[in-house]
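Need coordinates for the below:
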Amino acid sequence: MLDNLRGKRLIAPTVAALAALAVLVGLGSWQWQRKTWKEELIATIAARASAEPLLPERWSSLACRPLGEAGLAESCEFTTVRLIGRFDHAGERHVFTNAPRGAVPGGPGYWVLTPFDRAAGDARLYVNRGFVPEARKDPQTRPDGQVSGEIEIIGQIRTAEQRGPFTGAATPAANIWFLRHPRELLGASDASAAELARWQGKGPSGLDFYVDQISPVPPGGLPAPRASRIEIPNRHLEYALTWWGLALTLVGIFAAFVLSRRRELRGA
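A predicted model of the protein is given here:
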């Protein structure tokens, strides 16, 4: 068979076609595996979003490990909780984001993360109160939303975001940040031991986790709390079929090429 391929000058094209076919089939299989993973991810998030919020006293009994360390199923990520306490608006931090244009409001703006002092003297934590457009970054442009006094909120536990190679550098003087990471927002490297102790107690550490507020919507509508359900696209079936379709196309093209080569040799 090898001599037959060599005689028709098909060894190099065959090796190249087999290598390309293996890559295309492998990519399709990988996307199929990603589809299964994404479906499990979406189901887990939906189940936690629809669950009854944990009562405030349950916080101290939660043993949460970071998402990257434990994986979604074994983490507290998106666990819905009910908390009672007070916002410390003087410590408000603004994390830059670009909300989808379909969102209301949308476009460039900021997540507003505010220290939240839980009732009964429990450790404080950052609450992501929601999105504000770029023009409403200054709290003075949305005074109604700076609620005072004790308040009950419903939110979801989130793991602190990790810095990547393309994450922007914060500008503390302008109150512009690029990570929802309590340690960075707090300036933990410069904070005193007493200040750090205020963020750590029973339950998830306020230095390693924060809470995305879902409700209530504050007076005036800003900051706009994040929706309880996160829409995660799942196009992996489409991607898998695309790669496998390309693999079939390659087989067809190579078969046509071989037939064409055989005709050429017969006519020579």
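
Return the list of helices and strands in contact with the longest helix along the chain.
Scanning the chain for the longest helix, with DSSP state H as the assignment, gives helix 11-50. Packing contacts for helix 11-50, counted by 3 or more Cβ pairs under 8 Å, 6 or more residues apart in numbering; DSSP states H and E, involve helix 2-7, helix 236-267. From N, CA and C alone the C-beta is placed, and that goes for glycine too.

That helix to helix 236-267, inter-axis angle?
Helix 11-50 runs at 170 degrees relative to helix 236-267, counting by axes from the mean of the first three to the mean of the last three Cα atoms, to 10 degrees.

May I see the buried residues of helix 11-50?
17, 21, 24-25, 27-28, 31-32, 34-35, 38, 42, 45, 48-49 (16 or more other Cβ atoms under 10 Å).

of those residues, closest to residue 138?
Comparing those against residue 138 with Cβ to Cβ picks out residue 49 as the nearest, at 31.7 Å.

Now do the same contact list for residue 179.
Applying Cβ atoms under 8 Å, 6 or more residues apart in numbering, we find residue 179 in contact with 95, 160, 161, 162, 163, 167, 170, 185.

For those residues, give me TSV that also has distance to residue 139, pLDDT and secondary structure.
Converted to TSV, those look like this (distance: Cβ to Cβ, whole Å; pLDDT from 0 to 100; DSSP: H, G, I helix; E, B strand; the rest coil):
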residue	distance to residue 139	pLDDT	secondary structure
95	15	96	strand
160	23	93	coil
161	23	92	coil
162	28	89	coil
163	26	86	coil
167	25	88	coil
170	19	89	coil
185	16	92	helix
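
Show me which of the residues you listed is closest to residue 208.
In terms of Cβ to Cβ, no member of the contacts of residue 179 lies closer to residue 208 than residue 160, at 5.4 Å.

Can you give the distance from the strand ranked longest in the chain to the centre of its chain?
Ranked by residue count under DSSP state E, the longest strand found in the chain is strand 107-118. Put simply, strand 107-118 sits 17 Å off its chain's centre (Cα atoms, centre = their mean, to the nearest Å).

which residues touch that strand?
Residues from elsewhere that reach strand 107-118 (Cβ under 8 Å, 6+ apart): 56, 59, 83-89, 91-99, 101, 124-134, 136-137, 153, 176, 180, 185, 210-211, 223.

and what of stretch 56-67?
54, 74-77, 79, 81-84, 118-119, 122, 157, 159-160, 201-204, 208-209.

do that again at 7 Å, thanks
With Cβ atoms under 7 Å, 6 or more residues apart in numbering as the test, stretch 56-67 has contacts from 74-77, 81-84, 157, 159, 202-204, 208-209.
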